[in-house]
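S.K.: Turn this into a structure:
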Amino acid sequence: MSASLKVVISNDDGIDAPGIDTLVTLLEGLAECFVVAPDGPRSGIGHALSADDPIPVRAAGDRRHAVGGTPADCARLALGPGSELIREWAEARRAGEVWLLSGINHGANLGVDTYVSGTAAAAREAAILGFPALAISQYVARHRGVDWERAGLRARRVIEQLIARPPARGAFWNVNLPHPLDEAHDCEIVHCAADPSPHPVRFERRGEHFVYTGNYHARPRLPDHDVDVCFGGRIAVSEIGL
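M.R.: Below you'll find the model as predicted:
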């Protein structure tokens, strides 16, 4: 990466989430960045778009825009044809010379998760618009917190590799960082297919309501696919097509 690289940073956890600050910090000196992210949490919203309602946008600091919409809205506002949100990058956008990086999400986005993930949706929308994109998420093991400094170190390694290897046109990179017990462990980067296995969906009835009780950590996993790779302590990298 070089400081001449232009990167739009987004997420679905909201502009104040620690994961987005980690991503901004690790790109300092490596790329010119604009943050265009939801003004609050939009997790699990998938590829929803605000087609009919006005989308409020406010300045949230130098080169930071908080968007009252979805992650896919953020990608459209930053990279869509005719958008004036990032006027100084108009020529670079027309040439397709801008990346979109979405994350670092608090929680994995593996396999079928990519269909409901707002983090993945921001990267997917960028890919639809013709831009190289990468979604990155941090798996969180049961009863443990995230060491964002260590997550940033792992993320930097894999991002440096993938920026030099753009995905196929119409696809995006989906990266999931593991959560090893030894945070100092230098995790292997593995390119692998996304696991199509469904979640072990369970609901419990409580009066007039149903409450989801499935166990994310016990989900099915095909050998050598992204769920198996990430849960096994390695960095899972998958190319996701449209």
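S.K.: Off-centre distance for stretch 9-28?
M.R.: Stretch 9-28 sits 10 Å away from the centroid of its parent chain (CA atoms, centre = their mean, to the nearest Å).
S.K.: can you check stretch 112-121 too?
M.R.: Here the centre of stretch 112-121 is set off from its chain's centre by 8 Å, with CA atoms, centre = their mean.
S.K.: From one end of that stretch to the other, what's the distance?
M.R.: By CA to CA, to the nearest Å, the extent of stretch 112-121 from end to end equals 13 Å.
S.K.: now what about that stretch, what contacts it?
M.R.: 11-13, 38, 42-48, 70-72, 75, 102-103, 105, 109, 124, 135-137, 172, 174, 194-199, 240 (CB atoms under 8 Å, 6 or more residues apart in numbering). Where you see a C-beta, it was placed from the backbone N, CA and C, and this is true even at glycine.
S.K.: Mind giving me the ChimeraX command for buried ones among those?
M.R.: Here is the ChimeraX command that selects the buried residues among the contacts of stretch 112-121 (16 or more other CB atoms under 10 Å):
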select :11,12,13,38,42,43,45,46,47,70,71,72,75,102,103,105,109,124,135,136,137,172,174,194,195,197,199,240
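S.K.: Among the contacts of stretch 112-121, which are located in strands?
M.R.: When DSSP state E is applied, these are split such that P38, S102, G103, N105, A135, I136, S137, F172, N174, I240 fall in strands.
S.K.: Same list (those residues) but as CSV, adding distance to I163 and pLDDT.
M.R.: Formatted as CSV, these follow (distance: CB to CB, whole Å; pLDDT from 0 to 100):
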residue, distance to I163, pLDDT
P38, 24, 98
S102, 14, 98
G103, 14, 94
N105, 19, 97
A135, 14, 98
I136, 12, 98
S137, 17, 98
F172, 13, 98
N174, 15, 98
I240, 17, 98
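S.K.: Of those residues, just say which sits nearest to Q161.
M.R.: I136 (12.2 Å; CB to CB).
S.K.: I'd guessed the closest one sits against I104; true?
M.R.: Yes: in terms of CB atoms under 8 Å, I136 counts as a neighbour of I104; the distance is 5.2 Å.
S.K.: Send me the worst-scoring helix or strand of the chain on mean pLDDT as PDB with only the CA atoms.
M.R.: When each helix and strand of the chain is scored by mean pLDDT, DSSP states H and E, helix 90-94 comes last, with a mean of 87. Output of helix 90-94 as PDB, limited to C-alpha atoms (Å, rounded to 0.1, in the frame of the first residue of the first chain):
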ATOM      1  CA  ALA A  90     -14.400  12.600  -8.400                       C
ATOM      2  CA  GLU A  91     -11.700  11.800 -11.000                       C
ATOM      3  CA  ALA A  92     -10.400   8.800  -9.000                       C
ATOM      4  CA  ARG A  93     -13.900   7.500  -8.700                       C
ATOM      5  CA  ARG A  94     -14.500   7.800 -12.400                       C
END
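S.K.: which other residues reach it?
M.R.: K6, L79, S83, I86, V98.
S.K.: Whichever of those count as buried, I'd like them selected in ChimeraX; how would that read?
M.R.: The ChimeraX command for the buried members of these (criterion: 16+ other CB under 10 Å) is given here:
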select :6,79,83,86,98
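S.K.: Sort out for me which of the contacts of helix 90-94 are in strands.
M.R.: Within the contacts of helix 90-94, residues falling in strands by DSSP E are K6, V98.
S.K.: A60: which of the contacts of helix 90-94 is nearest?
M.R.: With CB to CB as the yardstick, the closest approach to A60 among those comes from I86, at 14.2 Å.
S.K.: and the closest residue to the closest one other than its chain neighbours, what are its phi and psi?
M.R.: Of all residues not flanking I86 in the chain, F34 sits nearest, at 5.4 Å (CB to CB, 6 or more residues apart in numbering). Backbone torsions of F34, given as degrees, to the nearest 10, read phi -120, psi 140.
S.K.: Alright, calling it a day.
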